[in-house]
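**Q** how would this look folded up:
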Amino acid sequence: MRRSPVFKLLIVVFGLALVGAGCSPSSQPDTSGSNQTGGVGGYGEPPNTDLSSDDLVLTSGHMETLGSCDDLLARIKQQALERVGPYGFGGLHQYLGRAVLADAGSFAQRDETSEATAADNSAAVMGEPVASRGVSETNNQEVGVDEADMVKTDGKNLVAVFGNRMQVIDVSAGHPTLVKTIELPSEVWGGELFLSGNTALVMTSGWTDQPFSSSAADITWFPGSPIGRLIEIDLGSGTVGRILEFEGGYLSAREIDGTIRVVLSASTDRFAFVYPSNDNATEHATKANRQLIEDSSIDQWIPTYRIIEDGTTIDDGPIVDCRRVHLPSEFAGFGSLVLLTAAIDGGLQVHDSLSVLTNSQTMYASPTRVAVATNQWEEPEISAQDDSTTSSEPGSYATAIHTFDITNPDLATYVASGEVRGHLLNQYSMSEHNGYLRVATTDGAQWNQSQPSESFVTVFTESGNALKQVGQVGDLGRGERITAVRFLGEKGYVVTFRQIDPLYTVDLSDPTNPTVKGELKIPGFSSYLHPIGQNHVLGVGTDGDENGNVGGAVVSLFDVSDPAQPNMTAKLPLTANPRTTDDPGFRTGDSYSPVSNDARAFLYWQDSAVVPIDWWGYDPSRGTEGRGSDVVVVDVDTAGNLTERGRVSHPVTTVCVNERDQPVPIESGANTIEPSDPDGTSPAEPSLSWDEERHCWDDVASIRRSVIVDDRLYTLSEYGVKVSDWSTLSPIDWIEFSQA
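**A** Model (predicted):
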């Protein structure tokens with residue numbers, strides 16, 4: 001039986017050692033436009049660099065690739081020598097540890113050894129997911145583009161990654177069963193995955209306290225660095241297969257028609273920079289650090305990978321061919337944005353990797369484009385006294401965006417780069433439609449509410465290898481920040497907030513003239529917007545009042561049939577749900593929905609929104625800080641009403657300690673009260689064995705995902721999965737995950 005393409009990624013990546021062949025000065029890219037089907041060398045036609053228009057907005061100018069590793073190294077060295085100083089590359093690297101130069105004598109000793117050490121589509125209206133056999137999918141941003149997630153199901157297996165464990169639940173039969181708990185490598189903590197048959201591909205980021213490559217072996221004090229992993233898991237045997245490790249971190253991944261695109265964010269911090277202990281050593285430190293750059297080799301600049309099988313490294317090398325490294329003509333940092341592609345058509349055909357010498361922070365994908373955004377590089381003002389600083393005036397914040405053509409399932413091709421004013425909220429701030437990239441940003445300091453701010457929607461088209469701004473509308477929420485964005489075909493919805501929540505409707509039918517058609521001001525704000533049919537948008541966010549005070553989680557329904565007059569037809573606060581609902585003394589605290597930070601926590605199924613919330617309050621009858629995690633099922637009707645149909649609660653454990661923070665014994669001899677019923681309740685709190693001050697609270701894990709399989713609702717947290725009847729929400733089973 002043919003395996004899904006997504007799981008050939010680890011297999012094809014094992015051929016990455018072939019990239020070394022691309023580092024020969026005589027190696028030249030194939031510019032014929034034909035597709036290569038072996039190794040990593042699929043080269044398309046070079047980018048068009050004929051940029052004659054005066055209104056092109058470039059993020060670092062045009063991109064270029066070089067024909068050999070020697071040429072690439074020479075260019076990078078040139079950029080590095082212009083920026084290296086007594087503290088390496090400035091404050092960011094200063095504290096990353098290195099030898100300390102006490103005086104000129106120390107430099108002389110270092111200079112003797114430096115040579116040896118250095119030589120080492122949103123047009124479709126989204127609603128109920130397209131699924132077979134009543135199986136829900138991940139709440140994806142774009143139709144036809146599947147996003148990696150911490151929980152996946154194919155209707156047979158329900159697989160979840162919490163901590164360093166993968167939980168595998170068989171949901172194919174009438175009675176769901178936890179069939180396996182698979183231990184991931186100890187350094188792994190959380191991750192995202194794709195499923196295909198009995199194989200799971202887990203993508204995760206972690207940390208290592210050892211230099212990744214031998215080129216960093218001379219670093220005298222290594223504080224650690226991020227490390228990414230792609231791990232292949234056999235669900236049938238429960239075994240961990242091969243592991244691809246790489247320098248940097250995993251950012252995000254998408255799958256389209258069996259082809260997976262993975263974006264990595266890598267850095268190259270392999271230099272044993274020194275720094276002066278006093279002003280007299282500044283010149284010597286600079287000289288020593290410059291020598292490290294002069295003596296560097298290409299493997300100190302290109303991120304590397306290694307393949308691990310049964311605990312042994314069986315292959316390693318640079319993760320991208322030198323000829324596939326794209327350099328901005330204006331410096332954009334020493335990080336690497338890496339895009340990996342794997343696809344299969346009747347067998348292994350192609351593995352492709354390419355990179356841009358810059359950082360990466362936010363990934364978006366449509367069926368035809370991948371766009372990766374990052375805050376624009378700001379040149380530091382290097383100080384000879386301590387570290388580097390950057391100063392940004394209001395209005396100087398910018399985001400760089402790079403687009404890649406993914407219409408060819410065998411490889412990705414760099415297309416264009418651009419710069420947009422302000423910063424993005426998240427992936428929903430970008431959307432590609434009919435060849436235009438729409439971007440929503442807020443100008444002003446991202447974390448400084450006192451600075452002036454303004455939000456924009458900007459429309460770009462690709463011209464050569466530059467993103468050309470063709471339209472923009474601003475003046476959205478002056479003095480406020482964007483809290484939610486949704487682009488749907490030729491319409492856009494933007495929520496900003498500081499005191500009152502304005503919901504803006506934006507007409508994008510003319511990309512050259514985006515226009516705000518309407519505005520609705522209501523208390524509170526939405527953090528996620530979900531389309532309901534053609535005329536409604538559902539918002540999940542935070543309640544508030546006219547004075548700007550915010551409260552708990554809330555679901556709102558907006559009628560946007562007339563863009564000029566958007567109207568809120570219903571609002572449903574998702575308040576605390578204390579177990580002692582008949583106790584009038586229970587004082588509600590707040591509630592919060594994980595959907596506000598991760599839209600994949602939201603599920604829409606059969607005209608119902610499934611929204612997880614965490615809530616807390618104080619229960620005087622028990623002297624306990626009440627906490628809980630519920631899934632609230634909200635029915636949405638065609639008349640524009642919202643009705644809470646019911647809730648599913650996860651079990652709660654009450655923990656008590658005395659005034660010395662010691663667990664308080666109870667008559668049963670246990671220190672905690674274990675839940676006994678699958679309906680989320682716990683028995684009454686037993687009495688204490690002695691009389692003393694105590695402090696009690698409820699321990700409950702946040703519900704992170706909800707899944708539908710055959711009219712059953714599965715709600716998952718790191719503690720377990722609750723199975724409920726979808727129609728009645730009555731409990732069926734509670735399957736606890738091992739925490740050992």
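**Q** for residue 376, give its distance to residue 714.
**A** From residue 376 over to residue 714 the distance is 42 Å, taken as CB to CB, to the nearest Å. All C-beta spots, glycine's among them, are computed from the backbone N, C-alpha and C.
**Q** that should have said residue 80, apologies.
**A** Distance, residue 80 to residue 714, by CB to CB: 51 Å.
**Q** and for residue 264?
**A** Relative to residue 714, and taking CB to CB, residue 264 is found at 31 Å.
**Q** in its sheet, what does the host helix or strand of residue 260 sit against?
**A** Per DSSP states H and E, residue 260 falls inside strand 259-266. Counting by DSSP bridges, the strands paired with strand 259-266 are strand 249-256 (antiparallel), strand 336-344 (antiparallel).
**Q** those into TSV, with extra columns for distance to residue 523 and mean neighbour count?
**A** Listed next are the strands paired with strand 259-266 as TSV, based on distance: least, CB to CB, whole Å; neighbours: other CB atoms under 10 Å:
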stretch	distance to residue 523	mean neighbour count
strand 249-256	33	22
strand 336-344	40	26
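**Q** give me phi/psi at the residue lying closest to residue 567 once chain neighbours are set aside?
**A** Once flanking residues are discounted, residue 567 sits nearest to residue 559: 4.6 Å by CB to CB, 6 or more residues apart in numbering. When read as degrees, to the nearest 10, the backbone of residue 559 gives phi -90, psi 110.
**Q** tally up the residues packed near residue 559, please.
**A** 17 (other CB atoms under 10 Å).
**Q** same question for the one 5 residues further on.
**A** Counted by other CB under 10 Å, the residues lying close to residue 564 total 11.
**Q** that one belongs to a strand, doesn't it?
**A** No. Read with DSSP: H, G, I helix; E, B strand; the rest coil, residue 564 is coil and lies in no strand.
**Q** pull the contacting residues for residue 494.
**A** Applying CB atoms under 8 Å, 6 or more residues apart in numbering to residue 494 gives the contacts 440, 455, 457, 476-477, 482, 484-485, 503-504, 506.
**Q** spatially nearest residue to it (excluding sequence neighbours)?
**A** Leaving out its chain neighbours, the residue that sits closest to residue 494 by CB to CB, 6+ apart is residue 504, at 4.6 Å.
**Q** for that neighbour, give me the pLDDT.
**A** We note a pLDDT of 95 for residue 504 in this prediction.
**Q** by contact count, what packs against the helix or strand containing it?
**A** For residue 504, the element it lies in under DSSP H and E is strand 500-507. Helices and strands touching strand 500-507, by 3 or more CB pairs under 8 Å, 6 or more residues apart in numbering; DSSP states H and E, are strand 466-476, strand 491-497, strand 515-523, strand 525-532, strand 536-544.
**Q** deepest of those strands, which one?
**A** Comparing these by mean neighbour count (mean count of other CB atoms under 10 Å), strand 491-497 ranks first with a mean of 25.
**Q** what mean pLDDT does that strand have?
**A** The average pLDDT for strand 491-497 rounds to 94.
**Q** can you check stretch 369-381 too?
**A** 75.
**Q** name the residues of stretch 705-715 that come out as buried.
**A** Across stretch 705-715, burial judged by 16 or more other CB atoms under 10 Å covers 705-709, 712-715.
**Q** ditto for stretch 604-624
**A** Buried residues in stretch 604-624 (16+ other CB under 10 Å): 604-605, 608-617, 619, 622, 624.
**Q** swap in stretch 317-331?
**A** For stretch 317-331, the neighbour count (16+ other CB under 10 Å) marks 317-328, 331 as buried.
**Q** gap between the two ends of it?
**A** 25 Å (CA to CA, to the nearest Å).
**Q** gap between it and the chain center?
**A** Its chain's C-alpha centre and that of stretch 317-331 lie 23 Å apart, by CA atoms, centre = their mean, to the nearest Å.
**Q** looking at the buried residues of stretch 604-624, spot the one nearest residue 236.
**A** The shortest gap between residue 236 and any of the buried residues of stretch 604-624 belongs to residue 605, at 29.4 Å (CB to CB).
**Q** I'd say the residue nearest to residue 494 and residue 519 touch.
**A** Yes. Under the criterion of CB atoms under 8 Å, residue 504 makes contact with residue 519 at 5.4 Å.
**Q** grab the nearest non-local neighbour of residue 572.
**A** Excluding the flanking residues, the one nearest residue 572 by CB to CB, 6+ apart is residue 642, at 4.3 Å.
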